[in-house]
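In: here is the input, now give the coordinates:
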Amino acid sequence: MTSTTAPAFLPLSGIRILSLALNLPGPAALMRCRRMGATCRKLEPPGGDPMRRYNPAAYAELHEGIALLTADLKSDAGQTLLHSELAQADVLITSFRPSAFDKLGIAWEKLHRQYPRLSQVAIVGGTGEQAEAPGHDLTYLAESGLVPGLELPATLYADMGGSLMASEAVLQAVLHQRVSGKGMFLEIALSAAAGYLALPRQWGLTQPEGFVGGAHAGYGVYPCRDGRVAVAALEPHFAASLCAAAGVTPCDLRSLLAPATRQRIADFLLTQTRQELDALAQAQDIPMHTMA
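Out: Below you'll find the predicted structure:
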């Protein structure tokens, strides 16, 4: 029997997207749209996208398969190129502060009159008046309570979360256009993306007293003999396997919330090497991942 692979679903095939967005959220959204089949073009200022200087490898991956053009939007030539591209685009992605649109002659009301089928996805920092306030990923995360200590977050959560919301907005705009024949304006705030990611913490799930915030002994990061291990034995059958390996009895929910149980599990894991824990996880079907 010959196996066949289903063709990739490309919901944005045939859609043309023009981006003016720099740094990370806009290019990451554009990358996702291209991978969903869109034809993507980007206008960069004469100085280029700062990401090219920050991290050339990241810039290259973000812009793979995307046509790059240079335009000074404050010049007549730049405006001519911009409008030539807008006339062919289905969706425009931007990352300017709202006040910049009037200065560049591309306020939504004007764009919508000129190009009724064009949609715009505007990535901004905050909502309302805060859309003009300066900020970056770190400040949006801090505002949402996602920077609990002095360490920097492990990744750029607001930027990447915002890029997901922006690519989702592109899909919404395309669906709207197919139904109504007209474009629409959608604003994506990075602060709102951070707020969405912060919901589990607001609900108490990831607070220190929450089940996945440190209260449950089967869910946490522990030291082992030669590194660390992330343990996610939250469900009863996973917790039972962990308890059996650590010699913990009883293994009910009340016990798993007791500090003494966490200490017993910590003591056991500290005696194990990463290799031993990897073998244990596979043999006993325990969700664990060891780290250097």
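In: so where is this structure shaky, pLDDT-wise?
Out: Applying pLDDT under 70 to the chain flags residues 1-7.
In: hang on, isn't residue 174 packed against residue 91?
Out: Yes. With contacts counted by Cβ atoms under 8 Å, residue 174 reaches residue 91, the gap being 7.0 Å. Using the backbone N, CA and C atoms, a C-beta is placed for each residue, glycine as well.
In: who has more neighbours out of these two?
Out: Neighbour tally, residue 174 and residue 91, criterion other Cβ atoms under 10 Å: the higher count belongs to residue 91, 28 against 23.
In: how near is the more buried one to residue 178?
Out: 12 Å (Cβ to Cβ, to the nearest Å).
In: what do you get for residue 245?
Out: As judged by Cβ to Cβ, residue 245 and residue 178 stand 54 Å apart.
In: same drill for those two, tell me which one is more crowded.
Out: In terms of neighbours (other Cβ under 10 Å), residue 245 is the more surrounded of residue 245 and residue 178; the figures are 20 against 8.
In: my guess is that one contacts residue 280, does it?
Out: Yes. The criterion here is Cβ under 8 Å, and residue 245 meets it with residue 280 at 5.9 Å.
In: what sits in contact with each of these two?
Out: Common neighbours of residue 245 and residue 280, counting by Cβ atoms under 8 Å, 6 or more residues apart in numbering, are residue 286.
In: residue 134 belongs to a strand?
Out: No. Counting by DSSP: H, G, I helix; E, B strand; the rest coil, one finds residue 134 to be coil, located in no strand.
In: which residues touch it?
Out: By Cβ under 8 Å, 6+ apart, the contact set of residue 134 is residue 125.
In: and it, backbone torsions?
Out: phi -70, psi 150 (degrees, to the nearest 10).
In: now the one 10 residues further on
Out: Its backbone dihedrals place residue 144 at phi -90, psi 10, with angles given as degrees, to the nearest 10.
In: what's the distance between it and residue 199?
Out: In terms of Cβ to Cβ, residue 144 sits 9 Å off from residue 199.
In: got the domain ranges for this structure?
Out: Domain assignment of the chain by automatic domain parsing yields the ranges 16-201, 211-291.
In: save those domains as TSV, and put in distance to residue 8 too.
Out: Listed next are the domains of the chain as TSV, based on distance: least, Cβ to Cβ, whole Å:
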stretch	distance to residue 8
domain 16-201	8
domain 211-291	29
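In: and these: which comes nearest residue 9?
Out: Judged by Cβ to Cβ, the one of those that comes nearest to residue 9 is domain 16-201, at 8.3 Å.
In: how far does that closest one stretch from start to finish?
Out: One end of domain 16-201 to the other measures 38 Å (Cα to Cα, to the nearest Å).
In: how far does it sit from the chain's center?
Out: 13 Å (Cα atoms, centre = their mean, to the nearest Å).
In: what about residue 144 and residue 199, which has more around it?
Out: residue 144 (21 against 11).
In: separation between the more buried one and residue 171?
Out: From residue 144 to residue 171 the distance is 25 Å (Cβ to Cβ).
In: show me which helix runs longest in the protein.
Out: helix 157-180 (DSSP state H).
In: contacts for that helix, please.
Out: With Cβ under 8 Å, 6+ apart as the criterion, helix 157-180 contacts 11-12, 15, 17, 23-26, 28-29, 31-33, 36, 38, 90-91, 93, 117, 119, 121, 123, 137, 140-141, 146, 182-184, 186, 188-194, 196-197.
In: residue 17: what secondary structure?
Out: With three-state DSSP as the basis, residue 17 sits in strand.
In: and it, what does it touch?
Out: Neighbouring residues of residue 17 by Cβ under 8 Å, 6+ apart: 30, 33, 38-41, 89-93, 170.
In: now residue 23
Out: With Cβ under 8 Å, 6+ apart, residue 23 has these contacts: 49-51, 95, 159.
In: how about 6 Å then?
Out: residue 51 (Cβ atoms under 6 Å, 6 or more residues apart in numbering).
In: return the distance of it relative to residue 163.
Out: 11 Å.
In: again, but for residue 176
Out: Counting by Cβ to Cβ, the gap from residue 176 to residue 163 is 20 Å.
In: these two - which one has more neighbours?
Out: A direct count of neighbours by other Cβ under 10 Å for residue 176 and residue 163 places residue 163 higher, at 27 against 15.
In: cool, thanks, signing off.
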